[in-house]
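**Q** no sequence on this one, just coordinates:
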């Protein structure tokens, strides 16, 4: 059973990341995605699924980071480093494959999405580590 602090960290990071995603996707990336090929993207999708999805992403990050934190440590810098590695794992080369799979999907948008996704995980790592405050890195 996870501690209350774990769930607080997931909740806080989930709220922050939902706000960031809302702003980024409604103001910047969303219109770019739709402009590539509007027929590929559902315009009537229920936004609750996106909100839930961000919380699931954050929970999975927190769960994995909790399991591997002895490799990284528990400081805010360690959270950022873990976020970077997990962000690369999740986002690269996934978005590059979108360019390869879908006609009209811009290569530049693949890289923008990849970089945004990595930064997204770094921010999650920082928020999670700041709340969990596990201390200095483990001795080697």
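**A** All right, it came through fine. Fair warning: this is a prediction, and the values are worked out from it, not measured in the lab.
**Q** Distance check, residue 86 against residue 108.
**A** Distance, residue 86 to residue 108, using C-beta to C-beta, to the nearest Å: 24 Å. (Glycine included, C-beta is placed from N, CA and C.)
**Q** Tell me which of these two has more neighbours.
**A** A side-by-side neighbour count of residue 86 and residue 108, using other C-beta atoms under 10 Å, places residue 86 first with 20 against 9.
**Q** from the middle of its chain, how far away would the one helix or strand in the chain whose mean pLDDT sits lowest be?
**A** In the chain, no helix or strand scores lower on mean pLDDT, DSSP states H and E than helix 30-36, which sits at a mean of 83. Relative to the centre of its chain, helix 30-36 is centred 20 Å away, using C-alpha atoms, centre = their mean, to the nearest Å.
**Q** so what does it touch, helix or strand wise?
**A** Identification of packing neighbours for helix 30-36 by 3 or more C-beta pairs under 8 Å, 6 or more residues apart in numbering; DSSP states H and E yields helix 107-132.
**Q** Report the buried residues of the helix it packs on.
**A** Using 16 or more other C-beta atoms under 10 Å as the test for burial, helix 107-132 gives 109-110, 113-114, 116-129, 131-132.
**Q** do the same with stretch 98-106
**A** Going by neighbour count (16+ other C-beta under 10 Å), the buried part of stretch 98-106 is 98, 99, 105.
**Q** Could you do stretch 18-31 as well?
**A** Of all the residues in stretch 18-31, those buried under the rule 16+ other C-beta under 10 Å are 18, 20, 21.
**Q** and if you look at stretch 59-73?
**A** For stretch 59-73, the neighbour count (16+ other C-beta under 10 Å) marks 59, 61, 62, 65, 66, 69, 72, 73 as buried.
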